[in-house]
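**Student:** Return atomic coordinates for the entry below.
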Amino acid sequence: VLVTDGPYALVRHPMYVCVLWLGVSVVVLYATPIKLALLVLLYAVLRIKAGIEENHLLTRFPGYADYLRKVGRFLPRRAPE
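**Tutor:** So this is what the prediction gives:
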């Protein structure tokens, strides 16, 4: 079942968003160049992983293409209905 309500109404990958915010908070609290570099690497990995998952979901759920157009990957595009 494709879930598009709750946190999924705001962003397509809410768990990844939480992980990224945790990474940002660590960099802000304990800023070092290596932590910043690791945060950038984490973002790149999660973006690639999200893309792979989305390609799979496009083949599994016909309505997923509509969902992609309406809901942002990591940032909200619109207010939820």
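**Student:** And residue 14, how far from residue 20?
**Tutor:** 11 Å (CB to CB, to the nearest Å). (Each C-beta comes from the backbone N, C-alpha and C, glycine too.)
**Student:** quick one, which of those two is more surrounded?
**Tutor:** Higher neighbour count among residue 14 and residue 20: residue 20, with 17 against 14, using other CB atoms under 10 Å.
**Student:** On the pLDDT front, check the residue lying farthest from the centre of the chain for me.
**Tutor:** Most distant from the centre of the chain: residue 32, at 24.4 Å, with distances by CA atoms, centre = their mean. On the pLDDT scale, residue 32 is placed at 95.
**Student:** Quick check: phi and psi on it?
**Tutor:** phi -140, psi 160 (degrees, to the nearest 10).
**Student:** any weak-confidence spans in this protein?
**Tutor:** Flagging of the chain using pLDDT under 70 yields the residue ranges 78-81.
**Student:** Next up, the contacts around residue 61.
**Tutor:** residue 2 (CB atoms under 8 Å, 6 or more residues apart in numbering).
**Student:** What's the separation between it and residue 43?
**Tutor:** 26 Å.
**Student:** now do residue 17
**Tutor:** With CB to CB as the criterion, residue 17 and residue 43 are 11 Å apart.
**Student:** out of these two, which sits in the busier spot?
**Tutor:** Higher neighbour count among residue 17 and residue 43: residue 17, with 19 against 16, using other CB under 10 Å.
**Student:** Could I get the buried residue list for the longest helix along the chain?
**Tutor:** In the chain, assigned by DSSP state H, the helix with the most residues is helix 33-60. Neighbour-count burial for helix 33-60 flags 39, 42, 43, 46, 54, 57 (criterion: 16 or more other CB atoms under 10 Å).
**Student:** Equivalent analysis for stretch 10-18, please.
**Tutor:** Result for stretch 10-18 [16+ other CB under 10 Å]: buried residues 10, 11, 12, 13, 16, 17.
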